[in-house]
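1. Let's see this in three dimensions:
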Amino acid sequence: MTFSSLSRQIECGLSKGYHEDEIIDAVIHEVLLEKLNTACANEKERQDKKKNAAPRVTTVNTVQSGDPPTTTEKKTVLKQSTVTLPPDSRLHKSS
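-> Numbers count the residues shown, from 1 in each chain. Below you'll find the model as predicted:
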């Protein structure tokens, strides 16, 4: 809604004898309705783009530390260790 359109509607309402409170309510209603229509159109456009978009492909490359790979049948074994953590004392407070 343009300023001139809004101004004409206010002047028309005043000339027809509508109370200022009624005109204010009508202007607020019109502005909110226009914002809602714009938001709905934008959401529909966003959903259409999402629906028609090509699927995304994610490629993950991994790097393994240790000796460089060899061309023989020998497998590289990584050193593994297990760590046991103590319980979090904040979770086990006594009353």
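
2. other SSEs contacting the longest helix belonging to the chain?
-> Criterion DSSP state H: the longest helix present in the chain is helix 20-52. In this structure, helix 20-52 packs against helix 3-15, with contacts taken as 3 or more C-beta pairs under 8 Å, 6 or more residues apart in numbering; DSSP states H and E. Where C-beta positions appear, they are placed from N, C-alpha and C, glycine not excepted.

3. mind listing what's buried in the longest helix of the chain?
-> Within helix 20-52, the residues scored as buried using 16 or more other C-beta atoms under 10 Å are residue 23.

4. Buried residues of stretch 8-22, list them for me.
-> So stretch 8-22, judged by 16+ other C-beta under 10 Å, has buried residues 10, 13.

5. who touches that stretch?
-> 23, 26-27, 30 (C-beta atoms under 8 Å, 6 or more residues apart in numbering).

6. Mean confidence (pLDDT) on that stretch, please.
-> Mean per-residue pLDDT for stretch 8-22: 92.

7. Need the distance between the two termini of it.
-> End-to-end span of stretch 8-22 (C-alpha to C-alpha, to the nearest Å): 15 Å.

8. so where's this structure uncertain?
-> For the chain, applying pLDDT under 70 flags the ranges 54-95.

9. do that again at 90, thanks
-> 1-9, 24, 27, 30-31, 34, 36-37, 41-95 (pLDDT under 90).

10. Look up how far residue 27 lies from residue 16.
-> Applying C-beta to C-beta, to the nearest Å, the value for residue 16 to residue 27 is 15 Å.

11. Now do the longest helix of the chain against helix 3-15: the angle between them, please.
-> 150 degrees (axes from the mean of the first three to the mean of the last three C-alpha atoms, to 10 degrees).

12. what's the spacing between residue 32 and residue 43?
-> 16 Å.

13. What of residue 20?
-> The value you get for residue 20 to residue 43, if C-beta to C-beta is used, is 35 Å.
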